[in-house]
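> all I have is the shape, not the residue letters:
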Ligand code: NAD
């Protein structure tokens, strides 16, 4: 029913956290996964965990922020698998600071990974997807990109940018049966959020209707739906 079985997915930032949970849930549902990450050891561990679920998986080291590196990586992925059906742009970083203290480097590094990284991988893989008249792309935004947050101007701008990018590319690619969507998770329990002070975590918990943080698997479930045949009328 899901239509995931036997298809191939590329998941960026799959070396840990939400990306790893996405790759593993896809494997559980019958997809093979290319685990892409700058952290080669993390990506290799994710690929091993996916293989333990009975699917094929491979790890690829790549800096999503570099267009040359992404082009090289996509060539390697397409040598591994002739067709890629799914792309999940999940790699992301945060470099929090108040605007007046934010350095140009903090601004640029976050935009480079979160927004340019999404552009780089989408551009490189949409060409073969258009050719084969099938593709599903899911970009991981954030609730911060919708509501904003003090101390995260760079992160909020990058994640709001991901939403605008998603909507524009969805319009460009719909006629070729390449569907493009974004997911904007709230507070998810991963290494990215573990570093926050307890006081801040408690404040955030109080904003959440269910009164608890989400897990990577909660995000992965929504991604799985968007990649599946159940969402074949959902784009942008
Ligand atoms: P994480 O820090 O646990 O994992 C991020 C992964 O991305 C790491 O494996 C890291 O090595 C990889 N990565 C970083 N820069 C990279 C680069 N240049 N090239 C390739 N890989 C790179 O973070 P997470 O919490 O799992 O977040 C995953 C995504 O979800 C991010 O885009 C994040 O912004 C988004 N998100 C997270 C939360 C949350 O609360 N954790 C909420 C909303 C959105």
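Right, received. Where do you want to start? Everything numeric here is computed off the predicted structure, so don't read it as measured data.
> so what's residue 103 up against?
With contacts defined as C-beta atoms under 8 Å, 6 or more residues apart in numbering, the neighbours of residue 103 are residue 97. Bear in mind the C-beta positions are built from the backbone N, C-alpha and C, glycine included.
> just give me the neighbour total for residue 228.
When neighbours are defined as other C-beta atoms under 10 Å, residue 228 has 18 of them.
> over to the one 5 residues further on?
Residues within reach of residue 233, counting by other C-beta under 10 Å, total 6.
> also residue 172?
By other C-beta under 10 Å, neighbour count at residue 172 equals 12.
> tell me which element it falls in.
Assigned by DSSP states H and E, residue 172 belongs to helix 153-173.
> beyond that helix, next helix or strand please.
Past helix 153-173, heading to the C-terminal end, the next element that is a helix or strand (DSSP H and E) is strand 178-183.
> okay, which residue is most central for the chain?
In the chain, the residue lying closest to the centroid (C-alpha atoms, centre = their mean) is residue 90, at 1.7 Å.
> quick one: residues contacting residue 228.
Taking C-beta under 8 Å, 6+ apart, we find residue 228 in contact with 1, 2, 3, 4.
> so the third one is in contact with residue 231, correct?
No: the pair residue 3 and residue 231 fails to qualify as a contact (C-beta atoms under 8 Å) at a distance of 9.8 Å.
> quick one, strands of this structure?
Taking DSSP state E to define them, one finds strands in the chain at 8-12, 32-37, 57-61, 86-89, 135-140, 178-183.
> for residue 146, find the nearest of those.
Nearest to residue 146 among these is strand 178-183; the distance by C-beta to C-beta comes to 10.1 Å.
> other SSEs contacting that closest one?
When contacts are defined as 3 or more C-beta pairs under 8 Å, 6 or more residues apart in numbering; DSSP states H and E, strand 178-183 packs onto helix 117-132, strand 135-140, helix 153-173, helix 216-227.
> just these: most buried one?
Looking across the helices and strands packed on strand 178-183 with neighbours counted as mean count of other C-beta atoms under 10 Å, the highest average goes to strand 135-140: a mean of 26.
> let me see the mean pLDDT of that one.
Here the mean pLDDT over strand 135-140 is 99, rounded to a whole number.
> packing partners for that strand?
Where contact means 3+ C-beta pairs under 8 Å, 6+ apart, strand 135-140 is packed against strand 86-89, helix 117-132, helix 153-173, strand 178-183, helix 216-227.
> for it, what is the distance to the chain centroid?
Strand 135-140 has its average C-alpha position 8 Å from the chain's average C-alpha position, going by C-alpha atoms, centre = their mean, to the nearest Å.
> that one versus strand 178-183: what angle between them?
Per axes from the mean of the first three to the mean of the last three C-alpha atoms, to 10 degrees, the angle that strand 135-140 makes with strand 178-183 is 20 degrees.
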